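Student: How does the following fold in three dimensions:
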Amino acid sequence: MNVENYFGDIGLGKLHKNLQVKYVNNYTNLIIVRIGKENLKIICTALSMINNIDGLLMKMHIIGVSGTIKRAEMKAKKYLEKWMNNYEQLNEKK
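Tutor: Now for the predicted structure:
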């Protein structure tokens with residue numbers, strides 16, 4: 001996926017200027033990014049178009065949008081708790 005192909009130089013420049021990765025969890029594949037609200041549609045569209053990285057098939061899911069990092073962290077915590085419960089239940093069945 002090439003952001004420049006879909007949004008041109010201006011869209012790519014906006015993402016480069018505003019995008020910050022705040023949190024990455026390689027085990028659960030959860031990422032928190034920070035971007036200005038004026039560029040929210042660009043990043044949501046760009047993430048939804050990603051279908052592989054380095055040849056690995058994947059699908060991005062946006063689990064929440066928040067006005068503050070603190071609220072995003074709270075949403076991530078709830079998501080991770082749910083993920084851990086599902087993971088533990090799968091291991092109990094084995």
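
Student: for the protein, what spans make up the strands?
Tutor: 20-25, 30-34, 52-53, 56-57 (DSSP state E).

Student: Quick check: the gap between the residue nearest to the spatial centre of the chain and G55.
Tutor: Nearest to the geometric centre of the chain sits I31, at 4.9 Å (C-alpha atoms, centre = their mean). Noted for I31: a distance of 19 Å to G55, by C-beta to C-beta, to the nearest Å. Glycine gets a C-beta too; all of them are placed from N, C-alpha and C.

Student: ditto for N2
Tutor: Between N2 and G55 the computed distance is 16 Å (C-beta to C-beta).

Student: longest helix anywhere in this protein?
Tutor: Ranked by residue count under DSSP state H, the longest helix found in the chain is helix 69-93.

Student: so of the strands of the chain, which one's packed in deepest?
Tutor: Mean neighbour count (mean count of other C-beta atoms under 10 Å) peaks for strand 30-34 among those, with a mean of 16.

Student: Show me the contact partners of that one.
Tutor: Contacts with strand 30-34, where a contact means C-beta atoms under 8 Å, 6 or more residues apart in numbering, come from 18-25, 43, 69, 72-73, 76, 79-80, 83.

Student: Apply 7 Å and report the result again.
Tutor: 19-24, 43, 69, 72-73, 76, 79-80 (C-beta atoms under 7 Å, 6 or more residues apart in numbering).

Student: partners of it, with directions?
Tutor: strand 20-25 (antiparallel) (DSSP bridges).

Student: what is the rounded mean pLDDT of the partner strand?
Tutor: Across strand 20-25, pLDDT averages out at 88.

Student: How about stretch 31-48?
Tutor: Computed over stretch 31-48, the average pLDDT equals 88.

Student: any idea how far it is from the chain center?
Tutor: How far stretch 31-48 lies from its chain's middle: 8 Å, per C-alpha atoms, centre = their mean, to the nearest Å.
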